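Undergrad: One predicted model, sequence on top.
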Amino acid sequence: GTSGGSDDSSSDGAAGTSGFTPPDLKKLDTLGAGEGKLSVLAWPGYAEDGSNDPKVDWVSSFEKETGCQVTVKTFGTSDEAVSLMKTGQYDVVSASGDASLRLIAGGQVEPVNTDLIPNYADVYPFLKDRPWNSVKGQMYGVPHGYGANLLMWRTDKVTPAPTSWGVVFDANSPYKGAVTAYDSPIYIADAAMYLMATKPDLGIKNPYALDEKQFTATVDLLKQQKTLVSEYWSDYLKEVQAFTSGNSVVGTTWQVIANVATGEKVPVQVTVPTEGVTGWSDTWMLSATSKNKNCGYLWMNHIVSPQANAAVAEYFGESPANAKACAQTADKNHCTTFHAGDEAYSEKIWYWTTPIEQCLDGRTDVKCTDYSRWTQAWTQIKG
Amino acid sequence: MTISGPTRMVLRILTIVILAFIYIPLLLVLVNSFNVNKTFAWPPRDFTLEWWRRAAESQGALDALWVSVRVGLVATVIALVLGTMIAFALQRFSFYGRDSVSLLVILPIALPGIVTGIALNNAFRTIFGFELGFGTIVIAHATFCIVTVFNNVIARLRRTGVHLEQASADLGASGFTTFRLVTFPLIRSALLAGGLLAFALSFDEIIVTTFTAGANQQTLPIWIFNNLFRPNQAPIVNVVAAALIVFSVIPVWLAQKLSGDAEPLGAGR
Amino acid sequence: MSSLHRHPRVRLGLLLGPPILWLGVAYLGALAALFVTALWSQNSFTGLIEREWTLDSFRTLFTVDVYRTIALRTIGVALLVTLIDAVVAFPIALYMSKVARPGLRRFLLVAVLMPLWASYLVKAYAWRGMFAEGGLVSTMFEAVGLQSPGFGLAATVVTLAYLWLPYMILPIYAGLERLPDSLLEASADLGAKTTQTLRRVIVPVVVPAMVAGSIFTFSLTLGDYIAVRIVGGTNQLLGNVVYDNVGAANNLPFAAAVATIPVVVMLGYLAAVRRTGAMESL
Amino acid sequence: MTSLGEQVTTETPPDTAAAVSLRGLRKMFGEVAAVDGVDLDLAEGEFFSMLGPSGSGKTTVLRMIAGFEAPTAGRILLGGVDVTERPPYARDVNTVFQDYALFPHMSVQQNVEYGLRVKGVDRRSRRTRALEALETVRLEGFGDRRPSQLSGGQRQRVALARALVNRPKLLLLDEPLGALDLKLRREMQLELKALQRDVGITFVFVTHDQEEALTMSDRIAVFNGGRIEQLAGPAELYEHPASAFVAGFVGTSNLLEGDVASAILGTPGLFTVRPEKIDMHTRTADAVPGSCTATGVVREVVYLGSATQTVVDLDAGGSLIVLQQNQQGSVQDKLALRGAQVRLSWRREHTVEIGGSA
Amino acid sequence: MTSLGEQVTTETPPDTAAAVSLRGLRKMFGEVAAVDGVDLDLAEGEFFSMLGPSGSGKTTVLRMIAGFEAPTAGRILLGGVDVTERPPYARDVNTVFQDYALFPHMSVQQNVEYGLRVKGVDRRSRRTRALEALETVRLEGFGDRRPSQLSGGQRQRVALARALVNRPKLLLLDEPLGALDLKLRREMQLELKALQRDVGITFVFVTHDQEEALTMSDRIAVFNGGRIEQLAGPAELYEHPASAFVAGFVGTSNLLEGDVASAILGTPGLFTVRPEKIDMHTRTADAVPGSCTATGVVREVVYLGSATQTVVDLDAGGSLIVLQQNQQGSVQDKLALRGAQVRLSWRREHTVEIGGSA
Ligand SMILES: Nc1ncnc2c1ncn2[C@@H]1O[C@H](COP(=O)(O)OP(=O)(O)OP(=O)(O)O)[C@@H](O)[C@H]1O
Ligand SMILES: Nc1ncnc2c1ncn2[C@@H]1O[C@H](COP(=O)(O)OP(=O)(O)OP(=O)(O)O)[C@@H](O)[C@H]1O
Ligand SMILES: [Mg+2]
Ligand SMILES: [Mg+2]
């Protein structure tokens, strides 16, 4: 059924972070006038101002409306975002689930008063108050888009169509040497999720909450998987190229990659395998040390507005967070393709969350492995 | 004359093969800038001018190019000044620790870029409390560019010796006049060669830049790096690179011409 | 100026002061600060550095096998890249300096320098295209009935060698340019055939120049983490470990500890190189 | 001095025995004829010099013999064998370069062994032969030094040893003493000459110093504009120059021509008298019968140490230089002659008509 | 030749008028004393030469006078003014460097104008003066060339013009003719000497060529190991060398010492006879009364063109070199003397006791 981990963690959001008390920061009570400028830290493609492609621009209209002049810095990984936020130079950040908790715990971002953000009302309810964007029921940002790490394969080279992650994890996979995997420590969760389904006796309840034994088993699986892997990917260009050339024929992917590949007439298909999928859900957050908080709130309101949210979702290739955005997309099928608003689909996704010592699945008798362990393990997996 | 005919032939063929090795990838970049495929799959299905048109409109690429040029120029000027000073100090004086100084000059280029990058990043933020930005990129680039200027200038100084400067002093010119009228004209082409290499080094640097660039400055390599991650932008990167290759002929040729005499660029190194 | 004339020390001080402040204090200071952090630890959740002395980072570095494997792999790749560059750069540098006429020489010099202006990343992706299935390299391999190497260490070595080639050609060219023609004539005169002259006169004389070039190729390879991600398949080098730890895990102390490996390797290399007189011909 | 006889011989040795024969040798560099038709035969064991001003083609001839430069026309024969097409390493010839061209990365010993090494001589015997060669040039014990640790004269000798160790049939030397100072050059001249006599190798020696050529050579070719202007032994060359050019280039030339010659010698034409042949008397002294005689005024007196050189402006026009050995008389007396009226005389047979056969 | 008198004078000119005075000049390079206590006074308008072997300190003295090197001890006075502490550009001295040190990036004209330009002379008059200077060295019309387009002798003259245009009180020349070939060197010697006489500037001329020093100088200082070994006019130096070193360095030395001296001269000691003073007779000829005489066998005969040099092994031991001007007799006859028994004789006054005042 629903690989219901999300339910657990959502209901136990507070428990999941038990023992972790965020710094006591005040949220804004009332909105004032914009300060005239705003420094944005974003994933590439999240804050386009037309400088790369004049047709892709949802920043200029914001600047015109609010008078807040925007500067954008992009980052390549969640961890880069965390370290950049520590410089205190940025007002708002688009944080994925594997960054957000760290930002909250480190005091880099402050609670957000969603009442001051009119468009927040239209955000899908199933994205609100989740463990990666809230603590103890207090939202720390505005959900903005989400997507899944799907299984993609070349239909001409992979038959029958796979329904399980087994094709990328099983030592006997016929696609040895043509498997691809995501190049980040967070990918350990994908393997844990696979073990959760295939090795129930390990007792994994949440792929982001692994005790020592579970972690070792997961890492072993990944080490064995390495013999199958042709390459690890981290940028979408590499992935599309690998599938186009045939260097990779099966592996984890994003919907947008599948779309581009299909657009280039590469015979690929994607699916949500039986074991479920991991995914991301991004949240715009506000720096605790920001001097431009009013502009920050205005930005958060703008970016989840139907038009902007639709533009981002289409350009970046993900599901918008605003239910009204689907009406604004250029490609009318966009929301269908990306399963936007499909709560059941969304519930199948194990959204990226930072693993910490306090087990996120609520266990208190053991210590879980934290993200720095995951990073070191990732280095060892790749060898 | 003493290299025998067959050897010359072998060398000529090898040179052609090596030139092919150097230019085939560049040619590929050029062809790919016309490739309709958004991820420049090979072989191209079809060709298009779309990417060139889009690149021409890309304000981001132009801005980044402008940042790179400015960074390169300022870093080169600093490297020229500092590199020349060290070259003079090492060539014209003997002092304790001369060897250490020459080691110090090559250290920034000899140590891996990532080490220099995180060391400077750490120092800028935690020790000096600088905000990462244009200035920090320039400082970082100038640091590892000093060596190219230094190498060129010291080689020239070694060759010209002190006689001409002494002749100038002998004829009544004070230190500064001598530098202006004699020393500087003599090392000018070495400065040009060193400066050109320094600029090229700075212009294509990405690793150190990644760690020292602030939010608002994208150098061209960083822009390229970021755009490889954007849907629909990757082909434009090929266009930018192809354009760079084509237009770089101008400064290189110009510098060759300006350096005058038979002294080819880089020979001073 | 007149008083300076009699005070060479003062002039030396004025000349050396600013660069030493820049390099000696700022740059070396930054390096020192980095390596001090290697002796601190870091809170893994918040990523804040805790300033307590500990050898934990180094302990991990030395006890976990994978780091040794990666270090050795990296050094191996750097050596191979350097070797390939030396072998490839030599004939073209020789042709440029001793065979080509002045006009052709200028042209070749420009031709060799030009790739420096094409973006590093773009060139790396061009090689990715060539090593991909159906790309130029695999087509060529298949044409002669061989299995294409595909993405991996071989592709990494080739790509890096390609990227750093100009940095090797230039010093070798300059070194050969300085080699008087009369030495080649003397060798032929004494009965040496061209190959003997190559081996006994040209190669020994250009070795310092090659070593000078190798400082570039070797160190640039040691610090690289991008090319291997593009063409290296599943492989990683020291640069990736440093980058992952500072960029991804945000673990500066451990990154600094890892960074000591290439630094120590490079310092050792420089110390060895010093004796060849390569510093002079850099 | 086995070659004494040749000092006065101008006929070329018979073709068959020739160590080197050049036949119609020409070399063009673009439009310029650096060497413009040279024919030459050298005997075995001869010390042969090529003398001439800068740019006259001496080096180019040498480089063609060694094989560094291919002739535009003509043939080169070594010991009767045509080697025109052979590369340098296939000719039994060695060269001592003007800049020595010692390999900087090898020790003196290794430099000297080089020729044997590339010929595959075994380590043992090449060591012995190199030591012998170093002994010949009096550099025992210098084997381990680098060329950079030697003085100019020592380097020159290493270059010599490096060539000699191969026991070539022919040794080419391109201004080997050009870079040395006068005292050292004189010493090296003596050494070289003695060495050549000992080893019996044919030497082709390029120089632009006429004294050097006169004292060392069996025969001398004077080059001018890519051609041989005169080919003769030292005495013949000095005493009977074939042209005004040779007269001027070899020794100090005292030319008498046109009206001056008519007035003094009775016939017009181009004549030369060497300064040391001329006697200087007071104006009132009697003319010696059977002598040529001329009157004039002393313009300049230069003290040369062993001799005094006097420049006399002739009453008939022109001037003559007189060289007098300082055997007798005080320097002051000689210098006091400046401005004095003098009579010069010399034996009729010392008036040499240029181009004539004397 | 206004300075003729000085050629035989050894007293230094009075201090007051001295163009240059060196007082106890010393220069240490580390442990090495390059110049080891030099005292010297030069008169205005004098042509003064410094002669000595390589490394004897000549260049170092010159560089201290010019101001490129600071003395370790001692003072330097120019025209009575102490300039020891002054930088080069504040001394009224110019130098002609051995390698000419012409600025390669400037034309000949610009090179010559340089000194005037840095002194702020206006464009007009520096042009005129530069043209004058170029005329003095006979290089009119060469102003637009680059130094690289000139021959060695022409470059040397540009260097000279560049120095002369400043009308310095003192001109220093460091082996200015060292790089030229013999013929050109002789020509330039004459030109330089004439020029010095015309402009009347004091010249300090460094050379290691004894002939050059003898023919050109008013006085000569012979350097050895950082000290002045002898300071005298050319004739004095040649005829009465103060030490065996000077005897050997200036001209060919014929030394007689110990037993040989006793046997021939009757007294032990160190004596020298110049080769040109010696007469050579057949063994049977009578000894000339009042002469020194010695018998021996001819070992070697060398033809020098204007003279013949004969080496005679003495029966009493040792050997003497005899120089005979080739005025009479055939070359063959002279060369045939090899191996002959001969008697040498020379006037008693030509036996010079070394260190003695004759
Ligand atoms: N490689 C060359 N290219 C063009 N011209 C040349 C070359 N080598 C020599 N020449 C010219 O050929 C002529 C003869 O030169 P060569 O070197 O033989 O003279 P040389 O008698 O040895 O003179 P020097 O005494 O100056 O060494 C000169 O005019 C010279 O400029
Ligand atoms: N800068 C220096 N450092 C150390 N020693 C030096 C330096 N300059 C000269 N010397 C030494 O001082 C001594 C005198 O040198 P100097 O150049 O004055 O000799 P020189 O008489 O001019 O010789 P040459 O005829 O070779 O030019 C030599 O032993 C030389 O090695
Ligand atoms: Mg020559
Ligand atoms: Mg000197």
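TA: Thanks, I have the structure now. Ligands and ions are numbered 1, 2, ... in the order given.
Undergrad: Could you use CA atoms for every contact and neighbour count after this?
TA: OK.
Undergrad: what's the domain layout of chain D?
TA: Domain ranges of chain D: D:2-249, D:255-353, per automatic domain parsing.
Undergrad: Let me know which of those domains is tucked in deepest.
TA: domain D:2-249 (a mean of 20; mean count of other Cα atoms under 10 Å in any protein chain shown).
Undergrad: so does that domain get close to ligand 2?
TA: No: judged by Cα under 6 Å from any ligand atom, domain D:2-249 makes no contact with ligand 2; its nearest approach is 8.5 Å.
Undergrad: wait, doesn't C:Phe216 sit right on B:Pro112?
TA: No: the criterion here is Cα atoms under 8 Å, and C:Phe216 misses it with B:Pro112 at 9.5 Å.
Undergrad: What ranges in the stretch 151-282 of chain C fall below the confidence cut-off?
TA: C:247-250, C:276-282 (pLDDT under 70).
Undergrad: should've said the stretch 101-250 of chain D
TA: Along the stretch 101-250 of chain D, segments meeting pLDDT under 70 span D:179, D:181-182.
Undergrad: What residues does the stretch 101-250 of chain B have near chain C?
TA: B:104-105, B:108-116, B:118-120, B:122-123, B:143, B:151, B:174-176, B:200-201, B:203-205, B:207, B:221, B:224-225, B:237-238, B:241-242, B:244-245, B:248-249 (Cα under 8 Å from any Cα of the partner chain).
Undergrad: One more pass at 7 Å, please.
TA: Proximity of the stretch 101-250 of chain B to chain C (Cα under 7 Å from any Cα of the partner chain) is limited to residues B:104, B:110-115, B:119-120, B:122-123, B:151, B:175, B:200, B:204, B:221, B:238, B:241, B:244-245, B:248-249.
Undergrad: interface residues of the stretch 101-250 of chain C facing chain B?
TA: Going by Cα under 7 Å from any Cα, the residues of the stretch 101-250 of chain C near chain B are C:106, C:110, C:114-120, C:122-123, C:126-127, C:129, C:135, C:170-171, C:174, C:184-185, C:188, C:194, C:215-216, C:219-220, C:222-223, C:239.
Undergrad: So which of those residues sit within helices?
TA: C:106, C:110, C:120, C:122-123, C:126-127, C:129, C:170-171, C:174, C:184-185, C:188, C:194, C:215-216, C:219-220, C:222, C:239 (DSSP state H).
Undergrad: Residues touching stretch A:256-267, excluding its own?
TA: A:154-156, A:236, A:240, A:244, A:268-269, A:317, B:37 (Cα atoms under 7 Å, 6 or more residues apart in numbering or on different chains).
Undergrad: cool, and stretch A:313-323?
TA: A:45-46, A:122-124, A:143-147, A:255-256, A:304, A:306, A:309-310, A:329, A:335, A:338-341.
Undergrad: quick one: that stretch to chain centroid distance?
TA: The chain centroid and the centroid of stretch A:313-323 are separated by 12 Å, computed with Cα atoms, centre = their mean, to the nearest Å.
Undergrad: excluding its backbone neighbours, what's nearest A:Pro118?
TA: A:Asn301 (6.6 Å; Cα to Cα, 6 or more residues apart in numbering or on different chains).
Undergrad: what about that neighbour, which helix or strand?
TA: Using DSSP states H and E, A:Asn301 sits in helix A:293-303.
Undergrad: Give me the residues contacting the following helix or strand past that helix.
TA: Next along the chain after helix A:293-303, taking DSSP H and E as the criterion, comes helix A:306-312. With contacts defined as Cα under 7 Å, 6+ apart, helix A:306-312 is touched by A:46, A:58, A:302-303, A:320, A:322, A:324-326, A:328-329.
Undergrad: ok, now which ones touch the residue of the stretch 151-269 of chain B at minimum distance from chain E?
TA: Chain E sits closest to B:Gly172 of the stretch 151-269 of chain B, with a gap of 3.8 Å, by Cα to the nearest Cα. Applying Cα under 7 Å, 6+ apart to B:Gly172 gives the contacts E:89-90, E:115, E:118-119.
Undergrad: about what we covered before: select only the buried ones of the contacts of helix A:306-312 in PyMOL?
TA: Only the buried entries of these go into this PyMOL selection, using 16 or more other Cα atoms under 10 Å in any protein chain shown:
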select buried, chain A and resi 46+58+302+303+320+322+324+325+326+329
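Undergrad: Need the contacts of helix A:306-312 in JSON lines (columns: secondary structure and pLDDT).
TA: As requested, the contacts of helix A:306-312 are exported to JSON lines (DSSP: H, G, I helix; E, B strand; the rest coil; pLDDT from 0 to 100):
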{"residue": "A:Tyr46", "secondary structure": "coil", "pLDDT": "88"}
{"residue": "A:Trp58", "secondary structure": "coil", "pLDDT": "90"}
{"residue": "A:His302", "secondary structure": "helix", "pLDDT": "93"}
{"residue": "A:Ile303", "secondary structure": "helix", "pLDDT": "92"}
{"residue": "A:Pro320", "secondary structure": "strand", "pLDDT": "91"}
{"residue": "A:Asn322", "secondary structure": "strand", "pLDDT": "90"}
{"residue": "A:Lys324", "secondary structure": "helix", "pLDDT": "89"}
{"residue": "A:Ala325", "secondary structure": "helix", "pLDDT": "89"}
{"residue": "A:Cys326", "secondary structure": "helix", "pLDDT": "88"}
{"residue": "A:Gln328", "secondary structure": "helix", "pLDDT": "87"}
{"residue": "A:Thr329", "secondary structure": "coil", "pLDDT": "86"}
